[in-house]
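Predicted model and sequence below, questions to follow.
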Amino acid sequence: MRYPNRILRSVAGILVFSALSCGKETKIPVTDAGYVTAPATVSTTASPASSSSSSSSAGASSASNTQNSTPFYDVSVANPDDGTPYTGCCKTQNVIIIVMDGPRFSETFGDYSKQYIPEESRLYTRGVLLGRFYNNGTTNTDSGHDAICTGNYENLENTGQVLPLYPSIFQQYLKATGKPSEKAWVVASKDKLQILGNCQTLGWADKYMPRTDCGKNGLFSGYRNDDTTFQHAKNVLNTYHPNLMLINFKDVDVRGHSNLWGQYLTAIKKTDEYIKALYDMIEADPIYKGKTTVIITNDHGRHLNSVADGFINHGDDCEGCRHITFLALGPDFKQGVGVDQHFEQIDISATVAKLLNFTMDYGKGKVIDPIFR
């Protein structure tokens, strides 16, 4: 009874080898062989961190499953939303970055079944996925978002007490274009992410600042529910049609810190639904349709089950904390393609700058060229 499965795995292995031998571009997203995947069912009572013995056995089983299975996508439509020939960069006039705060890659695209991110899994057929995308800096919320927005790794204090040193994509964009502040937004469930709207650099501090809608009522007001952030994000998109926007959803991270494994997984699925709803809304808007890039990513992951207290926390340099998602959809990108080259969090800002035709004067990232058509 096991022979068919072995044959299928052999065929999948040949496909992976062939794809990775051809320019490291494939329609098969890469899963790390030693990466720990999530349990097959959602439990609201037990977590991988609840006992050392259960964590060890579950982790070993999950790692084995990952080694013997390869995520495979049958992408039959090359350019589903635009059949016209591509004429070169850049058609993008707007960039929306959506951050799912704090999931492990093993519960998102690193899971063979994609059971917790079915909507993003389907969106992959319309976009490009980086199989080896990493936060190579401090794996906390403030520092991770700072890296996304400024192109620099800083070890920021993680409660919103310290502004980033360098100007962000929002400040650089508003200065370069001369557009009003409402054309760039930060909308976040976490109040401390209001710091993304400003910086410490002389000549930039308190200038070219985007609009912010963070937490209950701004910095130090406390976190708010993700469903509120979802509604606020929709309102901003409909009312102001910003050209550049970052949206943060916090619940995955918060449920993880609370050692609520089942709720952590449920939060991933719910955030996945928010992402799809926002993407559909953007695609249905005549101001945005065909001119907007959506980037889906994370600020950080979480500890591997074998590290410290497992999924409950993050903040070190283990694979679980560093390996994060990058999925991009837009008129300038390939579709249904997985890229098996190493890129990192600070590369997002350089790529956004290329798309919107401005420069990151202080950024240290590089443009993610292989994702472009």
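Thanks, I have it.

Can you name the residues that contact Y208?
Taking CB atoms under 8 Å, 6 or more residues apart in numbering as the contact definition, Y208 lies against P167, F170, Q171, Q172, L174, K175. To be clear about C-beta, it is placed using only N, CA and C from the backbone, and glycine gets the same treatment.

Make TSV out of those and add distance to H300 and secondary structure.
Output for the contacts of Y208, formatted as TSV (distance: CB to CB, whole Å; DSSP: H, G, I helix; E, B strand; the rest coil):
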residue	distance to H300	secondary structure
P167	22	coil
F170	21	helix
Q171	23	helix
Q172	24	helix
L174	27	helix
K175	29	helix
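
between those residues, which is nearest L237?
If you rank those by distance to L237 using CB to CB, F170 comes first, at 15.7 Å.

Looking at that closest one now. What's its pLDDT?
In this model, F170 is scored at 98, pLDDT.

Could you count how many residues lie near it?
A total of 29 residues lie near F170 under the criterion other CB atoms under 10 Å.

follow-up on the earlier one: so which of the contacts of Y208 comes closest to L304?
The shortest distance between L304 and any of these, using CB to CB, involves F170 and amounts to 33.7 Å.

just to revisit the earlier point, could I get the contacts of Y208 as a markdown table with distance to R302?
Formatted as a markdown table, the entries for the contacts of Y208 read as follows, by distance: CB to CB, whole Å:
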| residue | distance to R302 |
| --- | --- |
| P167 | 30 |
| F170 | 28 |
| Q171 | 30 |
| Q172 | 31 |
| L174 | 34 |
| K175 | 36 |
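
next helix or strand past the lowest-mean-pLDDT helix or strand in the chain?
For the chain, using mean pLDDT, DSSP states H and E, the weakest element among its helices and strands is helix 52-67, scoring a mean of 32. The helix or strand immediately downstream of helix 52-67 is strand 94-100, counting by DSSP states H and E.

and that following strand, which strands flank it?
Taking DSSP bridges as the criterion, strand 94-100 sits next to strand 244-249 (parallel), strand 292-297 (parallel) in its sheet.

Let me know which of those is tucked in deepest.
Most buried of these by mean neighbour count (mean count of other CB atoms under 10 Å) is strand 244-249; its value is a mean of 26.

before we move on, the earlier item: output the strands paired with strand 94-100 as JSON lines; include the columns distance to S106 and mean pLDDT.
Output for these, formatted as JSON lines (distance: least, CB to CB, whole Å; pLDDT from 0 to 100):
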{"stretch": "strand 244-249", "distance to S106": "19", "mean pLDDT": "99"}
{"stretch": "strand 292-297", "distance to S106": "16", "mean pLDDT": "98"}
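
And those strands: which comes nearest L304?
Taking CB to CB, strand 292-297 is the member of the strands paired with strand 94-100 nearest to L304, at 19.9 Å.

Past the closest one, which element shows up next along the chain?
For strand 292-297, the succeeding helix or strand toward the C-terminus, using DSSP H and E, is helix 319-322.

Go through that following helix and flag the buried ones.
E319, G320, C321, R322 (16 or more other CB atoms under 10 Å).

of these, closest to L244?
Sorting the buried residues of helix 319-322 by distance to L244 puts R322 at the head of the list, at 26.2 Å, by CB to CB.

Show me which of the buried residues of helix 319-322 is closest to S106.
Minimum distance to S106 across these is 7.1 Å, recorded for G320 (CB to CB).

The closest residue to the closest one other than its chain neighbours - how many residues pack around it?
Leaving aside its sequence neighbours, G320 sits nearest to L304 (CB to CB, 6 or more residues apart in numbering; 3.9 Å). Around L304 sit 23 other residues, with neighbours defined as other CB under 10 Å.

Adjust the sequence numbering to begin at 691 for everything that follows.
That works, and once the first residue is 691, the last one we named lands at L994.

ok, the closest residue to K869 other than its chain neighbours - how many residues close by?
Nearest residue to K869 in three dimensions, chain neighbours excluded: N933, at 6.9 Å (CB to CB, 6+ apart). N933 has 22 neighbouring residues, counting by other CB under 10 Å.
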